[in-house]
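1. no letters, just coordinates:
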Ligand SMILES: CC(=O)N[C@@H]([C@@H](O)[C@H](O)[C@H](O)CO)[C@@H](O)CC(=O)C(=O)O
């Protein structure tokens, strides 16, 4: 299989709400257009940054549909379909296939502590539900399940598994997955703070929750890495990390901060769904400063 369409900067897509906090078709499409014009390779729809665990099945379907209506055939579209029950995950996977998504992906099951065999069964049932390629999503810091190399080896025996989105913090995990799966497989870097190191140690591509608020910087980081310009790659990662630290420094949720910055860029996609907290009070006055950090970094690497 030609995996080139999965290589590049793939922002994790945000939940787009109207003023009442309902999923908004027009705002979802507005964010699609914004990111398309920035030149990203694809979108990861309905994942952690998409607040998927706070959405009903119908809301998740709606977001998948609006994004496909806007960008199918234009960008690589990956549907995250992980849900509390296997049943709902399968429903979402089948729906993503109907909509023409390029691939599906899922976190392991959450809430209860699951054995490796239960997780294997869960992911395999999702894979069996469609003819689509599957991307494993390893994010132990939120799910409590850390993908072992043994389970990984068992999973990649299934030819539907074309990649792993690895959000665990040790970059060595990326190196081990890549060394185990080989060339005809995509390892996606998950931690945005380690994009450059992830790519150098073996990641082929990246999916990240902060890409959409500064796509220019990640596109530039990728340009430096692919050109072998590691001095500049390191510098831009440093600037990106200063921005991520600032984005995470306010009292509300990271996604709420990101959405406030996007609003100042003219992209209105509402706030976040509780229990995620919106930005309020004095923190709102800090948004312009964070936007300036991003704008200055973009200017610095432009010319
Ligand atoms: C633990 C976590 O949330 N990791 C994020 C990162 O992109 C993260 O937001 C970023 O590195 C800032 O810490 C992604 O890996 C998640 C992601 O891409 C998604 O929305 O599914």
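-> That came in fine, so what should we check first? Here the structure is a predicted model, which means the values were calculated and not measured.
2. up against the ligand, what does the chain have?
-> Residues of the chain found near the ligand (Cβ under 6 Å from any ligand atom) are 12, 44, 47-49, 139, 141-142, 167, 190-193, 207-210, 244. Using the backbone N, CA and C atoms, a C-beta is placed for each residue, glycine as well.
3. from these, which land in helices?
-> Of the positions in the residues of the chain next to the ligand, 141-142, 244 sit in helices, assigned by DSSP state H.
4. by neighbour count, which of those wins?
-> residue 244 (19 neighbours; other Cβ atoms under 10 Å).
5. what pLDDT does it get?
-> Note for residue 244: predicted pLDDT of 98.
6. and residue 303, by the same measure?
-> 65.
7. quick one: buried ones out of the residues of the chain next to the ligand?
-> With burial judged by 16 or more other Cβ atoms under 10 Å, the buried subset of the residues of the chain next to the ligand is 12, 44, 47-49, 139, 167, 190-193, 207-210, 244.
8. so which of these belong to strands?
-> 44, 207-208 (DSSP state E).
9. what's the closest of those to the ligand?
-> Checking those against the ligand with Cβ to the nearest ligand atom, the nearest one is residue 208 at 3.9 Å.
10. and stretch 21-30, what's buried?
-> 23-25, 27-30.
11. span of that stretch from start to end?
-> 16 Å (Cα to Cα, to the nearest Å).
12. tell me the secondary structure of residue 162, please.
-> The three-state assignment at residue 162 reads strand, by DSSP: H, G, I helix; E, B strand; the rest coil.
13. now the strands for the stretch 51-200 of the chain?
-> 76-80, 103-106, 134-138, 161-166, 186-189 (DSSP state E, counting those that start in this stretch).
14. parallel or antiparallel, which strands does the longest one pair with?
-> Going back to what we said before, that points to strand 161-166. strand 134-138 (parallel), strand 186-189 (parallel) (DSSP bridges).
15. let me have the ones you listed in TSV, adding mean neighbour count as columns.
-> Converted to TSV, the strands paired with strand 161-166 look like this (neighbours: other Cβ atoms under 10 Å):
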stretch	mean neighbour count
strand 134-138	24
strand 186-189	26
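16. quick one: which of those strands is nearest residue 114?
-> For those, proximity to residue 114 was assessed by Cβ to Cβ; strand 134-138 is nearest, at 13.7 Å.
17. all set now, cheers.
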